[in-house]
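Novice: next comes the sequence, and after it the predicted model I'd like to discuss.
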Amino acid sequence: MTPAELDRLMNGPLADLSDPAEVVRSERVYEGRVWDIRRDRFRFGDHELERDYVDHTGAVAVLARSADDRVLLINQYRHPIRSRDWELPAGLLDVDGEDPLAAARRELAEEVDLVAADWSELIVFATSPGGSDEVIRVYEARGLSAAPEAFARTEEEAEILLRWVPLSEAVEAALAGRIRNSILLVAVLAAHARG
């Protein structure tokens, strides 16, 4: 890191600093059904380090917000945590070259049979930067109406439950620790903070 970069990091506006290390070797060590595990060897200062991480396609999520300030939550089974958790309509960026906003529109229609007239980017965040390169882009959707066609849902999505709740109730549940889905937590707290 240069002295100027260090000064900007320590004294400038609070912001992450892009600092790509030189990758000496990169290999996929596990190919999964949804995402892979990658092992990179990279130069860091005077050393070479090796790290394994989830090589993720990235994802989008949608905070669907009604005119009376309610948000649409979905509940579905998530096997890794052995729980039915509340979350937002969301999905992977797994269509080659698909624009994130187009993916968000697709997910809103596929998961909850809605379309929206107004879209804005709410927040972008890295879910677990120490172990995954996943970045989630959350959009806020307003001006909601029924999608022209209903989608058939399979696997865990076949049992999705929908619930409209006041944004204030979602924030209270987040702060009380009754909901744990990171995307939902970040989105409702960001929406609350922005008003």
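Specialist: Noted; the coordinates are in hand.
Novice: and the pLDDT at the residue nearest the centre of the chain?
Specialist: Residue closest to the average C-alpha location in the chain (CA atoms, centre = their mean): residue 136, at 3.0 Å. Looking at residue 136, its pLDDT is 96.
Novice: which SSE is immediately downstream of the helix or strand hosting it?
Specialist: Assigned by DSSP states H and E, residue 136 belongs to strand 135-146. Next along the chain after strand 135-146, taking DSSP H and E as the criterion, comes strand 161-166.
Novice: run me through the strand neighbours of that next one, direction for each.
Specialist: Within its sheet, and counting by DSSP bridges, strand 161-166 is paired with strand 70-78 (antiparallel).
Novice: is residue 61 bridged to anything, and to what?
Specialist: Listed by DSSP bridges, the beta-bridge partners for residue 61 are residue 90, residue 138.
Novice: pretty sure it contacts residue 90?
Specialist: Yes. Applying CB atoms under 8 Å as the test, residue 61 and residue 90 come out as touching, 3.7 Å apart. Every residue, glycine included, has its C-beta placed from N, CA and C.
Novice: touching both of those two, which residues are there?
Specialist: 107, 136, 183 (CB atoms under 8 Å, 6 or more residues apart in numbering).
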